Every structure is written in structure tokens, then in C-alpha cells.
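Novice: Predicted model follows, preceded by the sequence.
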Amino acid sequence: MAKIIYTHTDEAPLLATYSFLPIIAAYAKTAGVEVETRDISLAARVLAQFPDRLTAEQRVDDALAELGELATKPEANIIKLPNISASISQLKAAIAELQSQGYDLPPYPENPQTDEERETRARYDKVKGSAVNPVLREGNSDRRAPASVKNYARSHPHSMGAWSSDSKTAVATMGHDDFFSNEQSVVLDAEDTLSIVHVGVGGEETVLKEGLKVLAGEVVDGTFMSAAALDEFLEAQVARAKADGVLFSAHLKATMMKVSDPIIFGHVVRAYFADVFAEYGEELAAAGLSANDGLGAILSGLDALDNGAAIKAAFEAGLAAGPALAMVDSDKGITNLHVPSDVIIDASMPAMIRTSGQMWNADGQQQDTLAVIPDSSYAGVYQAAIDDCRTHGALDPATMGSVPNVGLMAKAAEEYGSHDKTFEIPASGTVEVRNAAGDVLMSHAVEAGDIWRACQTKDAPIRDWIKLAVTRARASGTPAIFWLDERRAHDANLIAKIEAYLPEHDTEGLTLEIMPPAEATTYSLERIRKGEDTISVTGNVLRDYNTDLFPILELGTSAKMLSIVPLMNGGGLFETGAGGSAPKHVQQLVKEDYLRWDSLGEFFALAASLEHLASYDDNQRAELLGDSLDRATETFLNEDRSPGRRLGTIDNRGSHFYLALYWAEELAKQTDDADLAAAFAALATTLRENEQKIVDELLAVQGKPADIGGYFRPDPAKAEAVMRPSETFNEAIATIG
């Protein structure tokens, strides 16, 4: 039987799965398609690391490793929902919950001292940050707005803030002594094994990483950010924000860049509260309260200190004396500096640009903002977007074009694969990258506290990326721009590969150009203001940034994008959109049994998955299911059946009901398979006749707390009961398939 693997992940997408998956399984079965699940949630990934500490009943399979192997096979068909890219604070919270549920897990060792603690820390580190995506993404990314979504956005344009020509909003970036300016890059002539070695000023050597296997043609980069230059830069930006009367905000990605960005975040916190750390820094460090964990973690730990009240008062004085801080939640007093994983650059910057270039202040009012993005590799993209809006005003969703993306991400390409090769340098000296023969390929003079990292990009994914760009440009008739800057060492090597590999493809009549990211941003914005589309062909991090920036401006959200990963060995990975608002949705469900999560991304991914399966397996019914789902989704959008914004309207569960109804009606109308049409005609009639009864049953549960048995690992029976409250609907679905 043909097979689709549907992932169990985390938070709101996981809860939505309890409602939507029974519908998927029932409909797919009519085409002989089996839908299986694999649990790659943060909780499951944690448990998979400790089978030796769990009972036989508690042990879970390492589903991520299994799917990683499947992704290399041509039969792979995986629908991947958003998962938690765990920060340390999230990981600790998950461990605590699992311990409370009876799992014998060790505490997370902050500063491991023994071999056992170091081994425990190594296990936990395997699930930190972006542990899932590099494993599953055995292909490059093709991400674009489906026609139905684009048509809907034009007919129902979302709100956009009004830009002022005298807006003070700006991006601040280092421009020197950062990852961009210090980068070196080499292309390996042959397979080799590299090592990364720190050589102290006295000649003593410390191996930071060894046994790093590389392939012929692989691009390897090394770079660092100067801690001293970072601190000098941050001190200046705090003063600048204060002088300009704008909000101070830092924009990093402490989830994906799980080693470097929490360290940078800590520098930001210390720079803002410089006087506090000058007076109490040693005392805080002795208590294990680190700026890297954010202001919130420090404040919550002060009660345990004898001098806690005085230190808290010093922080409050620092907030009063410093520039106004951008807020994550004004009502709760949660600032931009409270939690490193609260302000994720690829979501926070587009949201700011969409809303007049402003963020929220402590009074719940919008205010111009200084967006601090220390590394200058991609900061210019956001400055270019701000400059464009300040000059030309807000974009118009009713008329604007689109910027689909082809992203280089296969085999953990570029920065997102650098976690195991990122280090906070302990002492001054030199970091060298050496080959097996001992030759030094790259070398950087560093000082204590500098952040050094190496990145890898294999040749086969680069070739596939170039091929995918040509394929998409040909299929869409759209110009494709490679966002690469020849001044950056890594980009210069990619440009050389593009020039070598492009002649292998038929590019006649295509517009294929190479531009630095800031210039490419301006070019793309000029075109979309005229209603024209432009494909951005980017590396892994810019893929992440662009597939939020342009969709949030164009569609109001990145969750409505079609995200396909054509796997390099012939399979397909279908991703379902962004999960950044998932925590708030879960909190609302637990509080008042209302889940606002929009499963539109799941609908798009499922349709693409069925179409891929139909092609791979020559399954006509799967093709009918996919085609009819596309039409049903367009009806779903036009009828405005996405979750409402308040109690008393349909939520995620109601949106699933209407999708099932419209899907059944589309299948009943198709003429290529009479038996299938007849089966779904009966279901469509049942659902339509019982529409009000089902909606009433779904609405009746709202307004009171919901017990799902856990945040990171809900109780399956409780979660299913909460997410499937309409017996009428459940019984109808059970009749099909």
C-alpha cells in the first residue's frame, strides 16, 4: 500500500493533528493510501536519547533518525509540521514536564563536571535548536504562494501600516569584525578529514573539533565575530536609541543558531544593563544567572539571592534610564530582552516592516524602532525593505507581486549546519582549520570571548539548487535572482560554481542574475510594486528570512505558503508553514478550549503530497484526491472558514469540518471515478445536512478550561477528546474509507 508519513510535532500543530489526521486517514484510504505517523516532537526526541533510563513501556523509537534514513529513498513521502527548535529554557521546561509525568530523566547539566554529566549534556545537546530540519531536508527548498492564496489575498487584502517619510526606524549592524567581514572560504579538491584547532599565544594547542569529513567540491567556511567589537557596537546602539527617542530591539535567531546567538543575546543584555553587570555581574554569575538566558531568567532567580531585592531594583533603574525597549508583551511587561527565543528575526522584522516600521512599547503603543542585527551578512535586506517603504509607502497586497524562493538547504547547508563547529573562544590565540596532512586551510587571530564558527556546503546540493532554480524559472516564466555578494568569501565560491554549472542547463530565454542581497531586495521590491514576480534563489538562512519577509508583507502570514522539498533521491518532503505563534495558541486552548491555529499550510502540503504520490505510484485516485483538495481549499478561503479571532466563532476544529465538507463535495462532483464520487456524495450529503448540528457541537465546548494532560507531551486520549468534540462529525468521517 502506498504510504504518507505524517509527523507528530509540538504545540498547536500537534493539537491540530488530533483533529485533522482522522480526516486525512479516512479520505486517503479510499485511494489505497495509508497514513502513518512518526513522533518527532521535542518530548519524543528527548525520550529517545535515554532508553537506558526508561521502562519498556516508556521507551520511544528514534523516529527522527528513521525519517532521516527514509528521506534518502525515492519512496519517501513525508509531511512535516512545525516543531519546537528548542532553546535551553524550552528544553529544561520539557525535561521538567517529562519528569513530572514519571520519566526518569536526569536534569540538564548547565556546567558538567563529571564524565556522566558531560555524557548527559551531549545527549541533550542532540535535541537542542534546529535538530529536526537538517536531518529531514535531504533536498533543497521550493517555496511559493499557491494561486488560491494569492487570489484570496488580492481579493481580501490584509491590513498594512502607513509609513511616514520621516520615520526614524532603522537597522543597526556591525559592518566590520563580524561573521561577514572575517569570513574565509575554501573549496576542497578531494575527500579529506579536517580538524579545528585553537593555538594559544604560547603555542599550546587545543582541538576544538576533529574527524570532520568533507567531500570533493565541498565549500568550507570559517569566520568569527569579535566580542570586543560587538560590545563596542552594542554600547553605541544603546546610546543611539536613547538619543533618537526610538525603541531598542535586538533581532537574532537563538533557536536555529543555538550556539552563537544566545551568546550574542547575552552581550546585548549586558550592554543594555551595563551598570548593573558592572556592579553585580560576578554575583549573578556565581548564582548561575546568565545574561545568555535573558532578563526573565535572571529576574526569576533573584529571589534566591540574599541581595536579590537590590539587584532587582538596579535592573528596574536600568530600564528607566535606558532607551525604551521594544516589548514582546506590553501587558505582562515582557521585553525584547526577556527571553532569547522570543524575538526571532525572520518573524519579528517582517512584522515590524508591515506595521509602519514600528514595534510596541511598554505603554502598548507603536513606536519607531532601532533594530539591532549585529552580523551584517543579511542585515542590509531589512534596511533595504525599510528604505523602500519609507520612500514609496506601504505595499498593497491587492496589487503586489510575489517573491517565491528556491533555497539551498540540503544536507545542513551553510550556517544552520554549524552548531557543532561553533565555539566561544576561551583564550587569545589563533583558530586554524587543518586538513589530514596538517596543512592550514584557514586561520583567524582571535581573542577570548570571540565567537568562531565553521560552515559546510556540499557540492551535490549546490548542483541540485542551481538545477531547481532553472526548473522553477522555466516553469513559471519568472526571473530568478541568486542573492550572493562577491565580497563575501563563501558567496564568491558559490558564484564560481554557478558559473561552472549553469551551462549544463538549458537557460535560453531565462532571466538569471546574481545580485548582493540588499540590491536584490530593492530589485524585487521594485518589481512586486508593479505586480511582477521574482524568484529569490538563496542560501539556507536567507531562505528562512525571505520565506517570512515577503509572504508576511504579501499574504499577512508565512503559514499560507506552499513549501515543497524535492528530495535529491526522488522522494518528497512537504512542509506546512511557520509555527511561531503556536505557544500562544496552546495557552488559549488550555484556558478556554479555543484553538486559533490555522491549518491552511497542512492543506497545501497534503495536496502536494498526494499529487507527488500519484506520480510516483501511478495512483489515479490519489491524483483525484489531491486535485479536489486544491479546489476545496480555494472554496475554504473564499468562504472564509479559517479560525476566527474570538470565542463563539469556529476555531481550528471547525475549519477542519468545513475543509472536509468542501473536499467531499468536490470529490462527489468529479467524473473520472464513479465509485469514488458516489462514496463521497453520501458523505457530502451527511455533512451538509448536519452542518449546523456539527458547528453547534464544536462551539458548545468553548469558554472553559481544556485538559490535554501536558504541554510538551499531551496525553493522547485527553488531546483527542478535546480536539474531536463533535460526535456527529466523528461518526460521519468513520463511514468513509
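Specialist: Great, that's in hand.
Novice: rest of the way, CA atoms for contacts and neighbours
Specialist: Fine.
Novice: Please list all residues in contact with residue 650.
Specialist: For residue 650, the contacting residues are 641-644, 695, 698-699, by CA atoms under 8 Å, 6 or more residues apart in numbering.
Novice: Mind pulling the model confidence for it?
Specialist: Note on residue 650: pLDDT of 97.
Novice: what does residue 63 give?
Specialist: If you check residue 63, the pLDDT there is 97.
Novice: how near is it to residue 711?
Specialist: From residue 63 across to residue 711, the span is 20 Å (CA to CA, to the nearest Å).
Novice: swap in residue 264?
Specialist: Plainly put, residue 264 is 29 Å away from residue 711 if you go by CA to CA.
Novice: again, but for residue 43
Specialist: Residue 43 is 10 Å from residue 711, by CA to CA.
Novice: Residue 677 - how many residues pack around it?
Specialist: Residues near residue 677, counting by other CA atoms under 10 Å, number 19.
Novice: Excluding chain neighbours, what is closest to it?
Specialist: In space, and not counting its chain neighbours, residue 677 is closest to residue 668: 4.1 Å by CA to CA, 6 or more residues apart in numbering.
Novice: wouldn't that neighbour be in contact with residue 685 here?
Specialist: No. Counting by CA atoms under 8 Å, residue 668 does not reach residue 685; the two are 9.7 Å apart.
Novice: In the record's domain split, what are the boundaries for this structure?
Specialist: 2-158+561-734, 170-179+226-392, 191-225+410-456 (automatic domain parsing).
Novice: Rebuild those domains as a markdown table, extending it with distance to residue 554.
Specialist: Formatted as a markdown table, the domains of the chain follow (distance: least, CA to CA, whole Å):
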| stretch | distance to residue 554 |
| --- | --- |
| domain 2-158+561-734 | 8 |
| domain 170-179+226-392 | 9 |
| domain 191-225+410-456 | 26 |
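Novice: out of those, nearest to residue 545?
Specialist: Nearest of the domains of the chain to residue 545, taken as CA to CA: domain 170-179+226-392 at 4.7 Å.
Novice: Which pLDDT does the model give the closest residue to residue 629 other than its chain neighbours?
Specialist: In this structure, residue 629 finds its nearest non-sequential neighbour in residue 663, 5.5 Å apart by CA to CA, 6+ apart. Note for residue 663: predicted pLDDT of 98.
Novice: wait, what's in contact with residue 663?
Specialist: Shown in contact with residue 663 (CA under 8 Å, 6+ apart): 628-629, 631-633.
Novice: residue boundaries of the helices in the stretch 351-500 of the chain?
Specialist: Secondary structure of the stretch 351-500 of the chain (DSSP state H, counting those that start in this stretch): helices at 379-392, 459-476, 489-501.
Novice: So which of those is nearest residue 655?
Specialist: Set against residue 655 and scored by CA to CA, the helices of the stretch 351-500 of the chain come closest in helix 459-476, at 31.1 Å.
Novice: and the closest one, what's its mean pLDDT?
Specialist: The average pLDDT for helix 459-476 rounds to 96.
Novice: how far out from the middle of the chain is that helix?
Specialist: Mean C-alpha position of helix 459-476 versus that of the full chain (CA atoms, centre = their mean, to the nearest Å) differs by 22 Å.
Novice: Which of the residues in it are classified as buried?
Specialist: By 16 or more other CA atoms under 10 Å, the buried positions in helix 459-476 come out as 459-470, 472-474.
Novice: Also stretch 705-713?
Specialist: 706-708, 710-713.
Novice: Endpoints of it, how far apart?
Specialist: Stretch 705-713 stretches 18 Å from its first residue to its last (CA to CA).
Novice: what's in contact with it?
Specialist: 10-11, 41-44, 94, 97-98, 586, 589-593, 714-716, 718-719, 722.
Novice: What residues sit buried inside stretch 102-120?
Specialist: The neighbour-count check on stretch 102-120 (16+ other CA under 10 Å) flags 103-105, 108-109, 117, 120 as buried.
Novice: before we move on, what about stretch 583-596?
Specialist: Neighbour-count burial for stretch 583-596 flags 583, 585-590, 593-596 (criterion: 16+ other CA under 10 Å).
Novice: Now render these as TSV, adding secondary structure.
Specialist: TSV is the format used below for those (DSSP: H, G, I helix; E, B strand; the rest coil):
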residue	secondary structure
583	helix
585	helix
586	helix
587	helix
588	helix
589	helix
590	helix
593	coil
594	coil
595	coil
596	coil
